[in-house]
Each structure stands twice: as C-alpha cells, then as structure tokens.
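> Sequence first, then the predicted structure:
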There are 2 protein chains.
Amino acid sequence: MVEFHVDRGSGFPAYLQLGQQVREALRLGWLQPGDRLPTVRDVVATSGVNANTVLKAYRELELAGLVEARQGSGTFVKATLGSAAPEDLDPLRAKLATWVAEARSAGLEDEDIHALMREVLSGGAQ
Amino acid sequence: MVEFHVDRGSGFPAYLQLGQQVREALRLGWLQPGDRLPTVRDVVATSGVNANTVLKAYRELELAGLVEARQGSGTFVKATLGSAAPEDLDPLRAKLATWVAEARSAGLEDEDIHALMREVLSGGAQ
DNA sequence: TCTATTGTGCTAGCTCACTAGAACAATCTG
DNA sequence: CAGATTGTTCTAGTGAGCTAGCACAATAGA
C-alpha cells in the first residue's frame, strides 16, 4: 500500500504531488499492475487534501493509461512505468548507494547530490 | 552568465523555477559571489515572464541572503550554497557519470534514475 | 549634468489550484 | 435484497500565481 505525503505550502500543486508519487512508485516497482491505490476518501483522511483534488490526480493518471478507476471497487494499477527489469535494478541501486555514501562523506547534502545528478543527466557542463 | 529556462504550463510556479535555477547554479559553482544575475528586464525578454514575477524570485533569494540587489547596477551573488569544495566535486561527478552510463545501458530513463536516487537518498526501501 | 540602465512600487484584473458541501451511481458484501 | 463502500458530479467560493502597464528612485557612464 502506498502512503501519500502532501507537502502543502511548498508551492507545489497537491494534485501534481499525488500523481508524481504514484508514478514514482510505479517506476520503483512499489506498485504493480492489479494493485489498488488508496481510496479517494483514504487520501482525504490521511493527507487533508480535498476529494476533488485527489480525484483530479487520479483522473490524470487514468488519462495517461496508468490506472483504471472502477466505481464501487477502487482505483487499480493498469500499467507500469519502469523501463528496466527489477533484477537489473538491485545492483544499480547498490552501486549508487556506495556513491552516495562517498558523496556524503565529502560533505555533499542531498540537494547538492540532486543538482549534481541533474547536471550529469543533462550532459555535463552544457 | 546564467540562462533561465521557464517551463510555463508545467504547473510549477515560475518564480520558484527561477529561484531553484539560481540555487542550483550556486551549488554547482556556476555562480560565484560577486557574479551578476541577469537583469530583471533580461529575464523578462528571454523567458517571457512578467517583471513582477522575476522580482518576486529575486526578492526571495535576497531574503535568503544569497544575493544582493543594487538599484541601478544589478543583482549580485552574495553567498554560495555548495557544501563541498569544487575540487572534491570533479571526481564525484566523473564516478557518477560512469554510473549513469551503466544505468542507461540497462534501459533506465532519466526519470527512473531520478526516482532511484530519491529512493537511495531517503534511505532505501523504507 | 544628462542620459541610459537598473531595481522598485503600485493598481487592476485574470486564471487556476484548491476548498466546502452535498448528492448521485456503481459495485461489493452479508 | 439491503447496506456499506467506492468513484463521480455539481455548484459556489477563496486565495495565490501571474499578467499588464505605468511611474518612480538610484546608480553608472559619457
């Protein structure tokens, strides 16, 4: 079961946060096709977001073909997003964890690490 | 000189995008104390964002003590953000680039990589 | 001093994210 | 069948992000 964390006041639209968290869970294999997303009312209760906002997030995911809403039953995962096989993911995660440890011991904070990653992904200095 | 890229229609507030890009440039050493940020009117011309929006972004940076606005002269970098020495950054960047190449050859897309990084940084499976 | 350039302030208005509250429709469960 | 649960729709309203346009203030440079 996925747990949502909506950070209100970050300037980040709540419905985008919800959608992004679902997509991330799909990428990491936390959610598989057939799994059920938290109920709209569940999300309302746990995150304090309005039902319409949750619905908007779910509908965008449905429009993207990622989930399927069945009235009376729930919203279910329909497709996955990860482009790599889960068994390939583990060694990569391990190596990355080693690198992260090294970076942190060099004094880098999480934001520095993210910035560095964005730089490398975008093709270096540019 | 930093170049701003404002992606309108992403749901992401423009003034936050601007501020984030300055912070990122500070982290990566692209901007050093004493450097001048693009003129408010420059940003307006290149990004199409309104002057008030740019001003809002710059004012937040000033409130954070990162930049200093001098009327008639420009907005200048006052402090840096990177928590690591630039000479420590290069080997880390090189190793990370190696890892990224490996991840991409395994089929991972940029979004997968970011998701994996967030997962590792937040402490694994959790 | 004069002029261009810069940051700053102001008002008015639009759009959209979000809330509030209520009702309805389909499905599941007993 | 009956009740609970779930997704869905609707209306009304609030607040913030953003735009538009203009005027002003301080600095730099000729």
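Sure, I can see it. Numbers count the residues shown, from 1 in each chain, chains lettered A, B, ... in the order given.

> Next one: the closest residue in space to A:Leu121 that isn't next to it in sequence from DNA strand D, what distance?
Of all residues not flanking A:Leu121 in the chain, B:Asp110 sits nearest, at 5.2 Å (Cβ to Cβ, 6 or more residues apart in numbering or on different chains). The C-beta positions use only the backbone N, C-alpha and C, and glycine is treated the same way. Relative to DNA strand D, B:Asp110 is positioned 23 Å away (Cβ to the nearest atom of the strand, to the nearest Å).

> what's the answer for A:Glu60, then?
Between A:Glu60 and DNA strand D the distance is 11 Å, computed by Cβ to the nearest atom of the strand.

> Same check on A:Ser122?
On the measure of Cβ to the nearest atom of the strand, A:Ser122 and DNA strand D end up 22 Å apart.

> And the residue nearest to A:Leu121, how close does it get to A:Arg27?
Between B:Asp110 and A:Arg27 the computed distance is 11 Å (Cβ to Cβ, to the nearest Å).

> How about A:Gln21?
From A:Gln21 to A:Arg27 the distance is 11 Å (Cβ to Cβ).

> the more surrounded of these two?
Using other Cβ atoms under 10 Å in any protein chain shown as the criterion, A:Gln21 and A:Arg27 rank with A:Arg27 on top: 25 against 18.

> Now do the same contact list for the spatially closest residue to that one that is not a sequence neighbour.
Excluding the flanking residues, the one nearest A:Arg27 by Cβ to Cβ, 6+ apart is B:Ala115, at 4.3 Å. Listed by Cβ atoms under 8 Å, 6 or more residues apart in numbering or on different chains, the contact partners of B:Ala115 are A:Glu24, A:Arg27, A:Leu28.

> Same question for A:Ser83.
B:Gly107, B:Leu108, B:Glu109, B:Asp112.

> so which helix or strand takes in it?
Assigned by DSSP states H and E, A:Ser83 falls within no helix or strand.

> Please apply the same query to A:Gln17.
Using DSSP H and E, the element containing A:Gln17 is helix A:14-27.

> How about that helix and DNA strand D, any contact?
No - using Cβ under 7 Å from any atom of the strand, helix A:14-27 never reaches DNA strand D; the gap is at least 12.4 Å.

> and chain A, which residues reach DNA strand C?
Counting by Cβ under 7 Å from any atom of the strand, chain A sits next to DNA strand C at A:8, A:12-16, A:48-53, A:56, A:70-73.

> A:His24: neighbouring residues, count only.
Not His; residue A:24 is Glu. What A:Glu24 shows, counting by other Cβ under 10 Å, is a neighbour count of 20.
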